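Enquirer: 3D model of this:
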Amino acid sequence: MASRPRSRHLADLVGELAAADSAATAVVDAAGELTYGELDARVEALAMALTGLGLGRGGTLGLLSTNRWEWVVAALAAHRLGARVAAFNTFAKAWDLRYMLSHSGAEVLVAVDAFRSRDYRQVLLELIPGLTEEGWEAPEFERLREVVVIGDRGELAGARQFDELLGAGAGLAPEARAEAPWTSAGDQAFVLYTSGSSARPKAVPLLHYGLIENGFSIGERMGLTAADRVFVAVPLFWAYGAANALQTTLTHGATMVLQQAFEPEGALDLTEEHRCTAIYTLPNMTAALLDADGFEAGRVATLRTGLTLGSQAEILRTAEALGVEGICNIYGSTETYGNCCVTPAAWPLARRAASQGPPLPGVTVRIVGGEDGAVLGPDAVGEIEVRGYLAGSYLDDVSGAGAAFGADGWFRTGDLGSLDDEGALHFHSRATEMIKTGGINVAPREVEEYIGLHPRVAAAAVVGVADEGAGEVVVAFVVPAEEGLTETDLRRFCADGIAGYKVPARVHLLDELPATDTGKLARRRLVEIDGEATGGRVG
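Expert: Numbers count the residues shown, from 1 in each chain. Below you'll find the predicted structure:
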């Protein structure tokens, strides 16, 4: 087992690791490698520069970037100042980002300029038209006063360049930040946006000490050590990244090998080149790796452990076909700091495939059911409730979703499962209407709201339908307001405005949406309509 870190604040943790072994490799990405000493120095330099932009204790830094060393440095620099980081989804389009940027109250936005075919400068200009000029104002975003751009695709006159800002901070004398800001283990470290039962993403605040404690426990279940190289292509803006992969790596002094965004051939190259020993994956990622051109078992032979989720068959496939013999099965959510249950890598594979494991240290799970919400015994299926490392609330919750955090300290997950007689969790299904496509949560109401913005749409409903590749896919049902509206029109409308994983795989045009006897939307009937239209095809 690894030694538990002393630090209870992420910015302190990096300093602790740098002091212990400054030459150990912390982060690897397309730009090269950073040791823990170099990482700590860059964090300190950027923190000093951000101080000059007015960011400080209690402030918020918005972060819109793919997986790269700048994401890690920007986040930890904000933490060093006692500020929190609102991590934004790079799959999101301007419609999504406008809400998150406004809701978070970000004072400084750090954004990558482009990735692949996506030009984020154009997204920024759509949100802040005045960014082409110095002295811009953004009345829609009351607290935003600075934009910092990562990359060299051309300057926006009203934005600062990340490299220049970092260089300026590195050139400052230590006394330029005369007094280190007061920080607390109970400070908010991240605000992560997650889809849920509300029409807009819920903002989940996560605290420093909870991230460190829970992250360390996850890494212990994986069997991580400082010698491990952890392959991370899952986005850092997800809880799976920020609250899980980042924390397990840092708390064990290991190396994080970043891929900007998952692409199977490139993932194989990175895993082979850097001899990665651990991987964060999902069933669709595993399938893509196995189907990739050039896949050979020898290229990933160094992989020893990792995390994933899915059915027994999917866990077995990751262990046997991909060769990650110590793969761990998991259960959790953003609200539970990424995971609350993890199977120990040392368990027999059959046992890891059959359950999501026991609760992590400091976490309790119970199963409740019946009208009185009684606690159920072993093997009885009911709603999963969690207590321990929890967000505790949603940031500025106006939807009422926060009612899931009970006054008794238990979080009502909305998921169904059971505990076996040894205390391991067995996930059964979601009791909510949440769609989980490719491991990503999609709230039907969020997609419905966006489709409803189309001027020729009278009504819309969205459901998840089983799919062999993605687990589920988003399927929309639309009542046109006028003739001539097509499925192609609607899918193009969605593709132009919302994240790709939210875009419906199919759109059915109906004269009216089916309803139950009580007048509620008959979502089960919608799934049947899709099955009739596709001949019952799954996938």
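Enquirer: what does the helix or strand hosting R121 contact?
Expert: Taking DSSP states H and E as the definition, one finds R121 inside helix 120-127. The contact list for helix 120-127 (C-beta atoms under 8 Å, 6 or more residues apart in numbering) reads 64, 90, 93-94, 97-98, 101, 111-114, 131-132, 138, 140-141, 147, 149, 153-154, 156, 159. For the C-beta atoms, the positions are set from N, CA and C on the backbone; glycine is no exception.
Enquirer: Type out the PyMOL command that picks the buried ones from the residues you listed.
Expert: Of the contacts of helix 120-127, the buried ones can be selected in PyMOL as follows, counting by 16 or more other C-beta atoms under 10 Å:
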select buried, resi 64+90+93+94+97+98+101+111+112+113+114+131+138+141+147+149+156+159
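Enquirer: Now intersect the contacts of helix 120-127 with the strands, please.
Expert: Using DSSP state E, the subset of the contacts of helix 120-127 located in strands is 64, 111-112, 114, 147, 149.
Enquirer: Including distance to E483, could the residues you listed go into TSV?
Expert: Below are these laid out as TSV (distance: C-beta to C-beta, whole Å):
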residue	distance to E483
L64	40
A111	41
V112	42
A114	40
V147	44
V149	45
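Enquirer: Turn those residues into CSV, including distance to D467 and pLDDT.
Expert: Listed next are those as CSV, based on distance: C-beta to C-beta, whole Å; pLDDT from 0 to 100:
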residue, distance to D467, pLDDT
L64, 29, 98
A111, 32, 97
V112, 30, 97
A114, 31, 94
V147, 38, 97
V149, 37, 97
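Enquirer: Which members of those residues are the farthest-apart pair?
Expert: The distance between the two most remote of those (C-beta to C-beta) is 14.8 Å, for A114 and V147.
Enquirer: what residues are up against the residue nearest to E140 when sequence neighbours are not counted?
Expert: Setting aside the residues directly before and after it, E140 is nearest to S102 in space (C-beta to C-beta, 6 or more residues apart in numbering), at 6.4 Å. Contact analysis of S102 by C-beta under 8 Å, 6+ apart lists 140-142.
Enquirer: Over to V300?
Expert: By C-beta under 8 Å, 6+ apart, V300 lies in contact with 268, 271-272, 289, 322-324.
Enquirer: gap between the residue nearest to E140 and A242?
Expert: Per C-beta to C-beta, to the nearest Å, S102 is found 21 Å from A242.
Enquirer: where along the stretch 201-350 of the chain do the helices fall?
Expert: Secondary structure of the stretch 201-350 of the chain, counting by DSSP state H, counting those that start in this stretch: helices at 208-222, 239, 246-251, 264-273, 283-291, 312-320, 349-354.
Enquirer: what is the mean pLDDT for whichever helix or strand comes after the last one?
Expert: Which is helix 349-354. The helix or strand immediately downstream of helix 349-354 is strand 364-369, counting by DSSP H and E. Averaging pLDDT along strand 364-369 gives 97.
Enquirer: Quick one: residues in contact with strand 364-369.
Expert: With contacts defined as C-beta under 8 Å, 6+ apart, strand 364-369 is touched by 340-341, 359, 374-376, 380-388, 410, 417-419, 425.
Enquirer: try 7 Å this time
Expert: With contacts defined as C-beta atoms under 7 Å, 6 or more residues apart in numbering, strand 364-369 is touched by 340-341, 359, 374-376, 380, 382-388, 417-419, 425.
Enquirer: so of those residues, which ones are in strands?
Expert: Per DSSP E, the contacts of strand 364-369 map to strands at 341, 374-375, 382-387, 417-419, 425.
Enquirer: from the residues you listed, which two are the most distant?
Expert: Greatest spacing in the ones in strands among the contacts of strand 364-369, by C-beta to C-beta: C341 and A374 (21.6 Å).
Enquirer: which of the two has more neighbours?
Expert: Between C341 and A374, C341 has the larger neighbour count (other C-beta atoms under 10 Å), namely 28 against 12.
Enquirer: which residue ranges form the helices in the stretch 401-539 of the chain?
Expert: Ranges of helices within the stretch 401-539 of the chain are 444-451, 487-497, 523-534, based on DSSP H, counting those that start in this stretch.
Enquirer: how about JSON lines for these, with mean neighbour count, mean pLDDT and distance to I212 added?
Expert: Rendered in JSON lines, the data for the helices of the stretch 401-539 of the chain read as follows (neighbours: other C-beta atoms under 10 Å; pLDDT from 0 to 100; distance: least, C-beta to C-beta, whole Å):
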{"stretch": "helix 444-451", "mean neighbour count": "21", "mean pLDDT": "86", "distance to I212": "31"}
{"stretch": "helix 487-497", "mean neighbour count": "16", "mean pLDDT": "94", "distance to I212": "38"}
{"stretch": "helix 523-534", "mean neighbour count": "15", "mean pLDDT": "91", "distance to I212": "40"}
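Enquirer: Those: which one's closest to V475?
Expert: Among these, helix 523-534 sits nearest to V475 (C-beta to C-beta), with 5.1 Å.
Enquirer: re the thing from before, wait, which of the ones in strands among the contacts of helix 120-127 is closest to E532?
Expert: Among the ones in strands among the contacts of helix 120-127, L64 lies closest to E532 (C-beta to C-beta), at 41.3 Å.
Enquirer: residues contacting the closest residue to V363 other than its chain neighbours?
Expert: The shortest distance from V363 to any non-neighbouring residue, by C-beta to C-beta, 6+ apart, is to G388 (3.6 Å). Counting by C-beta under 7 Å, 6+ apart, G388 touches 362-364.
Enquirer: any idea how far D496 is from the most centrally placed residue in the chain?
Expert: Central residue of the chain (C-alpha atoms, centre = their mean): W238, 0.9 Å from the mean position. In this view, W238 and D496 are 23 Å apart by C-beta to C-beta.
Enquirer: One more: H274?
Expert: For H274, the distance to D496 equals 37 Å [C-beta to C-beta].
Enquirer: if we can go back for a sec, any idea of the angle the helix holding R121 forms with strand 146-150?
Expert: Helix 120-127 and strand 146-150 are oriented at 160 degrees to each other (axes from the mean of the first three to the mean of the last three C-alpha atoms, to 10 degrees).
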